[in-house]
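Visitor: generate coordinates for the sequence data below:
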Amino acid sequence: MGEDINLGQAGEIVAGKLLVALGFSILERNFTCPLGEIDIIAQHPSARYFIEVKTRSGVSFGQPSEAVTINKQQRLRRLADYYIVTTNYQGPVDFGVVEVIYRPFDRCYRATLLDHAF
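Guide: Residues are numbered from 1 along each chain as shown. Predicted coordinates:
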């Protein structure tokens, strides 16, 4: 990734690439509304996914997904409700977390989708 983006931005790019490789279509990145922001909204054949991306440069403080607390899950559900109402979406929905771990020693990113995260 380029030197002009931060770790979080790089993680969102990597997460988007992973989702596309897994058969998702990216509909929105950084969807912003009065309630906050959703990192990625993506369509999968089974459902519309609301994705939280968590990027870390190691796991010394735990897995990135552990930062998706109950409060953050509730916030994401409220944001998804707002999106659903304002876009009149009527299909199935799901929530996922993409964990991205950057390894500085070899400049490598590892991304994992936690499907049906909550």
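Visitor: my guess is Gln73 meets Phe95, correct?
Guide: Yes - taking contacts as CB atoms under 8 Å, Gln73 lies within contact range of Phe95: 7.5 Å. Heads up, the C-betas are built off the backbone N, CA and C, glycines and all.
Visitor: shared neighbours of those two, anything?
Guide: Counting by CB atoms under 8 Å, 6 or more residues apart in numbering, the contacts common to Gln73 and Phe95 are Phe118.
Visitor: which SSE is immediately downstream of the longest helix anywhere in the chain?
Guide: Longest helix of the chain, by residue count under DSSP state H: helix 70-87. Remark: after helix 70-87, the chain's next helix or strand is strand 93-103, criterion DSSP states H and E.
Visitor: could you list every helix and strand in contact with that next one?
Guide: helix 7-21, strand 47-56, helix 70-87, strand 108-114 (3 or more CB pairs under 8 Å, 6 or more residues apart in numbering; DSSP states H and E).
Visitor: go with 10 Å
Guide: Identification of packing neighbours for strand 93-103 by 3 or more CB pairs under 10 Å, 6 or more residues apart in numbering; DSSP states H and E yields helix 7-21, strand 36-44, strand 47-56, helix 70-87, strand 108-114.
Visitor: who has more neighbours, Gln73 and Phe95?
Guide: Set Gln73 next to Phe95 and count neighbours by other CB atoms under 10 Å: Phe95 wins out with 19 against 15.
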